[in-house]
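Undergrad: just the structure for this:
(2 chains)
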Amino acid sequence: MGNQVEQTYDIMEVCLLAGKIMLQCGGETYRVEDTMMRIAASYGIEKTHSYVTPTGIIFSAESNEPTKTKLIRISERSTDLKKVAMVNSISRSISSGEINLKQAMEQLIEIDSMNLTFPFRIQVAAASLASGCFMIMFKGGWNDFIPAMISGGVGFLSFVYFHRFIPIKFFSEFLASFVIGLLSFIFVKTGVGHQLDKIIIGSVMTLVPGLLVTNAIRDLMAGHLVSGLSKGAEAFLTAFAIGAGIAIVVSFL
Amino acid sequence: MALIAQVITSFLATGAFGIIFNAPKETLVKCGLIGMGGWVIYYLLESYTGNAVFATLSATVFIAVLSQELAKFYKTPVIIFSVAGIIPLVPGGLAYDAMRNFVENDYNSAIGLAAKVLMIAGAIAFGLVFSEVINQVIRKIRQNKVRT
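TA: Next up is the predicted model:
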């Protein structure tokens, strides 16, 4: 009897860890719930209930004993699609019965501690390339390509560094967009850049909360009202921070 | 010539966003191609009809349906393919214009622009949900065929 109770807790532990990794890395709410239920079902807990919001997961499992419930808090969120894919494939191999509880736990802990992101230099290079390309896509001229690349890259760099320094997302986004605005303004003033609007729009695109907005709307339409609204609020705050940072440059200089 | 520039830049931009979102390395090119297809559809429709909302809707449906098929094929989450493709369609430029007009106390044009931003964001959302419905209908039709 005691053994079974312990096993139920172990299964819940695996479910919660999988859900936590997915949610921290930008997985959709319905996918997190679905994954946790599938894992629990394939280990023999048929009746589970989960309540997933962007800041925490409540998970309860019903069995012959009294219902057990665990809560996990999520404070830091970022986007790391590779981890989402890896957890997804682990959940697939759990459902097909390839790995047992202990192996699943070990693999999930390994994924959780891994740092899979691309090297930081490549990320900055990608951000600056994306900024330049977006500037062209928004009908800017080719003579603004290099200024948009520079200000976009520096903006992304300063976002990451400010975020390490002050762990308040709103503030680092505000400062990063202020840097972008200032750099673009200097480029235009010195004659290197030509169209201020196009350069700013292109460079700001790497900070724009596109993933958050789409996830928020999908959650809302799927009926996850609380997580949809809170993701929407996060997206709105980010957009407001970017707008405010640019607005300071535009209105005071 | 302008179209070729758009094709190349949209491919590069979407692929670069795949890197920022840390998509798996082997999917980066596919992300870029999806984003390119969506952006070309948006660009052509927008320049022919002049209706950004309709163009966004069509491009989103294309991106979402294609990413769902790819996700089924490669057995990965849909989000990996769709997110980077959607990014170019997000009305960042318009939102910036609206914000700028607000700051410059030109509230009339600012509110008009903000309404347009809302319409386009709604079009993206509707396109995503619509394609999911299409996908489920296709799945049901296939299941029925197998049964009969």
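Undergrad: from here on, just use CA atoms for contacts and neighbour counts.
TA: Will do.
Undergrad: and for residue A:102, the neighbour number?
TA: Residue A:102 is flanked by 12 other residues according to other CA atoms under 10 Å in any protein chain shown.
Undergrad: for the strand or helix carrying it, packing partners?
TA: In this assignment (DSSP states H and E), residue A:102 forms part of helix A:101-113. Contact here means 3 or more CA pairs under 8 Å, 6 or more residues apart in numbering or on different chains; DSSP states H and E; on that basis helix A:101-113 packs against helix A:2-24, helix A:81-95.
Undergrad: hey, least reliable of the ones you listed by pLDDT?
TA: Among those, helix A:2-24 carries the lowest mean pLDDT, at a mean of 83.
Undergrad: so which elements touch that helix?
TA: So helix A:2-24, by 3+ CA pairs under 8 Å, 6+ apart, packs with helix A:29-42, strand A:56-62, strand A:68-73, helix A:81-95, helix A:101-113.
Undergrad: tabulate the ones you listed (CSV), appending distance to residue A:199.
TA: Shown next, in CSV, are those (distance: least, CA to CA, whole Å):
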stretch, distance to residue A:199
helix A:29-42, 35
strand A:56-62, 38
strand A:68-73, 40
helix A:81-95, 28
helix A:101-113, 38
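Undergrad: give me the buried positions along the helix holding residue A:102.
TA: Buried residues in helix A:101-113, counted by 16 or more other CA atoms under 10 Å in any protein chain shown: A:101, A:104, A:105, A:108, A:111, A:112.
Undergrad: following that helix, which helix or strand shows up next?
TA: helix A:120-137.
Undergrad: check contacts around residue A:132.
TA: Counting by CA atoms under 8 Å, 6 or more residues apart in numbering or on different chains, residue A:132 touches A:145, A:146, A:147, A:148, A:149, A:152, A:202, A:203.
Undergrad: for the strand or helix carrying residue A:155, list every residue counted as buried.
TA: Assigning secondary structure by DSSP H and E places residue A:155 in helix A:145-165. Across helix A:145-165, burial judged by 16+ other CA under 10 Å covers A:145-160, A:162-163.
Undergrad: likewise for stretch A:209-222?
TA: Within stretch A:209-222, the residues that qualify as buried are A:209, A:210, A:211, A:212, A:213, A:214, A:215, A:216, A:217, A:218, A:219, A:220, counting by 16+ other CA under 10 Å.
Undergrad: relative to helix A:145-165, how tilted is the strand or helix carrying residue A:180?
TA: Per DSSP H and E: residue A:180 is located in helix A:169-190. For helix A:169-190 against helix A:145-165, the angle by axes from the mean of the first three to the mean of the last three CA atoms, to 10 degrees is 150 degrees.
Undergrad: enumerate the residues of the stretch 1-150 of chain A near chain B.
TA: When proximity is defined by CA under 8 Å from any CA of the partner chain, the stretch 1-150 of chain A lies next to chain B at A:27-28, A:79-82, A:84-85, A:88-89, A:116-118, A:123, A:126-127, A:129-131, A:133-134, A:136-138.
Undergrad: so which residue of chain B comes closest to chain A?
TA: When scored by CA to the nearest CA, chain B has residue B:13 as its residue closest to chain A, at 4.3 Å.
Undergrad: those residues of chain B touching chain A, which are they?
TA: So chain B meets chain A at B:5-6, B:9-10, B:12-14, B:16-17, B:19-24, B:75-77, B:79-80, B:83, B:86-88, B:90, B:92-93, B:96, B:99-100, B:103-104, B:124-125, B:128-129 (CA under 8 Å from any CA).
Undergrad: same thing but 6 Å
TA: Applying CA under 6 Å from any CA of the partner chain, we find that chain B lies next to chain A at B:6, B:9, B:13, B:16, B:20-24, B:76, B:87, B:93, B:125.
Undergrad: need these in JSON lines with neighbour count, secondary structure and pLDDT, can you?
TA: Formatted as JSON lines, the residues of chain B next to chain A follow (neighbours: other CA atoms under 10 Å in any protein chain shown; DSSP: H, G, I helix; E, B strand; the rest coil; pLDDT from 0 to 100):
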{"residue": "B:6", "neighbour count": "21", "secondary structure": "helix", "pLDDT": "89"}
{"residue": "B:9", "neighbour count": "23", "secondary structure": "helix", "pLDDT": "90"}
{"residue": "B:13", "neighbour count": "30", "secondary structure": "helix", "pLDDT": "90"}
{"residue": "B:16", "neighbour count": "29", "secondary structure": "helix", "pLDDT": "90"}
{"residue": "B:20", "neighbour count": "24", "secondary structure": "helix", "pLDDT": "87"}
{"residue": "B:21", "neighbour count": "23", "secondary structure": "coil", "pLDDT": "86"}
{"residue": "B:22", "neighbour count": "21", "secondary structure": "coil", "pLDDT": "86"}
{"residue": "B:23", "neighbour count": "28", "secondary structure": "coil", "pLDDT": "86"}
{"residue": "B:24", "neighbour count": "20", "secondary structure": "coil", "pLDDT": "86"}
{"residue": "B:76", "neighbour count": "19", "secondary structure": "coil", "pLDDT": "84"}
{"residue": "B:87", "neighbour count": "22", "secondary structure": "helix", "pLDDT": "86"}
{"residue": "B:93", "neighbour count": "21", "secondary structure": "helix", "pLDDT": "78"}
{"residue": "B:125", "neighbour count": "22", "secondary structure": "helix", "pLDDT": "83"}
